[in-house]
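Q: The following comprises the amino acid sequence and a computationally predicted model.
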Amino acid sequence: MSAYDPSNIFAKILRGEIPCTRVYEDDAALAFMDIMPRTDGHVLVIPKVAARGILDMPPEALGPYMQAVQKVAAGVKAGMNAEGLTLQQFNETAGGQVVFHLHFHILPRWEGVAVRPHSGAMEKPELLEGHAKKIRAALGV
Ligand code: AMP
C-alpha cells in the first residue's frame, strides 16, 4: 500500500484549506456533502486521523470514527426522509477509490429511485446546502 499523501483533497478540507458543505463534526470525524452526489443527500464521513483506507486506520481510532458514521447515517436518513441507506467505502484504485483519505459514503435511498451514475458534474452549492440544512437539523447541530 502507498503511504498516506497529505496533499489529498480531503486532507485539505480537514485543514480548512478548501471549503466543504459541512453537516457534522466531532473529535473523530468530519462529515460533509459529496460535491457530485449520486443520490440527493449523499454525505461523506472522514476520520480526522491520516488514514488512506480501512487497512491503515489506527484500530483505536476506528471505534470513535464508526460511531460518527452511524450517527451521521441516522441524521441523513431522518433529515432526507429516506426509506433506506446505502453505505460504501472503497480501497485503492482497484477497489474504486479516487480520493486517498478514508471515507464512508452515506447514500439515502428510496424505493424505485436508482443511484445516479458518476456524471463528473458538480452539484449547485445552494442545493447541497439545502440538503445539509435538513441533515444538520435532524442531527440537532
Ligand atoms: P471515492 O474515492 O471513489 O470514494 O470517491 C470520492 C468521492 O469524493 C466522490 O464521490 C466525489 O464526488 C467526492 N469528492 C471529490 N472532491 C470533493 C470535494 N471537494 N468535496 C466533496 N466531495 C468531493
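A: Yep, it's here.

Q: Next one: the residue sitting nearest the centre point of the chain relative to residue 134, how far apart?
A: With distances taken as CA atoms, centre = their mean, residue 44 lies nearest the centre of the chain, 0.5 Å away. As for residue 44, its distance to residue 134 is 17 Å (criterion: CB to CB, to the nearest Å). All C-beta atoms are positioned from the backbone trio N, CA, C, and that covers glycine.

Q: Could you tell me the model confidence score at the most far-flung residue of the chain relative to its centre?
A: The C-alpha centroid of the chain is most remote from residue 112, which lies 23.1 Å away (CA atoms, centre = their mean). Per-residue pLDDT puts residue 112 at 97.

Q: sec struct for it, please.
A: Secondary structure assignment for residue 112 (DSSP: H, G, I helix; E, B strand; the rest coil): coil.

Q: All further residue positions should be reported with the first residue as 679.
A: Fine by me, first position is 679 from now on; the one you just mentioned is residue 790.

Q: Tell me if residue 765 really is in a helix.
A: No. Residue 765 is assigned strand when assessed by three-state DSSP, not a helix.

Q: separation between it and residue 808?
A: As judged by CB to CB, residue 765 and residue 808 stand 23 Å apart.

Q: now residue 717
A: The spacing between residue 717 and residue 808, counted by CB to CB, is 14 Å.

Q: which bits of the chain sit near the ligand?
A: For the chain, the residues in contact with the ligand (CB under 6 Å from any ligand atom) are 687, 698, 712, 713, 714, 722, 768, 774, 775, 776, 777, 781.

Q: wait, what's in contact with the third one?
A: With contacts defined as CB atoms under 8 Å, 6 or more residues apart in numbering, the neighbours of residue 712 are 720, 721, 722, 783.

Q: What of the first one?
A: Contacts of residue 687 were listed using CB under 8 Å, 6+ apart, and they are 696, 777, 779.

Q: between those, which is closest to the ligand?
A: residue 777 (4.1 Å; CB to the nearest ligand atom).
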